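**Q** With the input below, show me the fold.
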Amino acid sequence: MEQTELLWALLDAGLKGNGLEWIDGIKKLNLHSVDWSKRHVADGYTVLVQCVNILLRDPSVERALFPIIQKLIGHGASVSQKCATGEWGFSTDGVTDKIT
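**A** Got it, this is the predicted structure:
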């Protein structure tokens, strides 16, 4: 599995609330070979938007996730890259706020 696919698989594991093992997996990746232009295949999210999504769903990962976000940005993840759909939503109790 290439590094980009592996990164997305690890982020998906984090979104499902699978403890912190996925963060350890990201720490072991060769981030120099990640294709940062790739977006989530199902949702069109960018890597950083997926990290924020994980953080909003599970605030307990904050201390472990912030250094990962900094590492991802340092290796090329863009804070200005747009999601494929141009928007991102987060739903709690049936209320959806959209960021465009």
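**Q** Give me the below-cutoff pLDDT ranges for the protein.
**A** 1, 85-100 (pLDDT under 70).
**Q** That one: helices as residue ranges?
**A** 3-15, 21-28, 47-57, 62-74 (DSSP state H).
**Q** Tell me which of those lies nearest to residue 34.
**A** Nearest to residue 34 among those is helix 3-15; the distance by CB to CB comes to 5.0 Å. Glycine gets a C-beta too; all of them are placed from N, C-alpha and C.
**Q** returning to what we had before: mean neighbour count added to the helices of the chain, as CSV?
**A** Shown next, in CSV, are those (neighbours: other CB atoms under 10 Å):
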stretch, mean neighbour count
helix 3-15, 18
helix 21-28, 15
helix 47-57, 18
helix 62-74, 14
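**Q** so which of those helices gets nearest residue 82?
**A** helix 47-57 (9.1 Å).
**Q** what's in contact with stretch 7-24?
**A** 1, 25-26, 29, 31, 34, 38, 40-41, 47, 50-51, 53-54, 57-58, 61, 64-65, 68 (CB atoms under 8 Å, 6 or more residues apart in numbering).
**Q** before we move on, the earlier item: who wins for proximity to residue 84 among the helices of the chain?
**A** Closest among those, using CB to CB: helix 47-57, at 10.3 Å.
**Q** From the contact counts, what lies against the closest one?
**A** Other elements packing on helix 47-57 under the criterion 3 or more CB pairs under 8 Å, 6 or more residues apart in numbering; DSSP states H and E are helix 3-15, helix 62-74, strand 88-92.
**Q** need the contact list for residue 48.
**A** 69, 72-73, 77-79, 81.
**Q** The same query, at a cut-off of 7 Å, please.
**A** Contact analysis of residue 48 by CB atoms under 7 Å, 6 or more residues apart in numbering lists 69, 72, 77, 79.
**Q** Sounds good, over and out.
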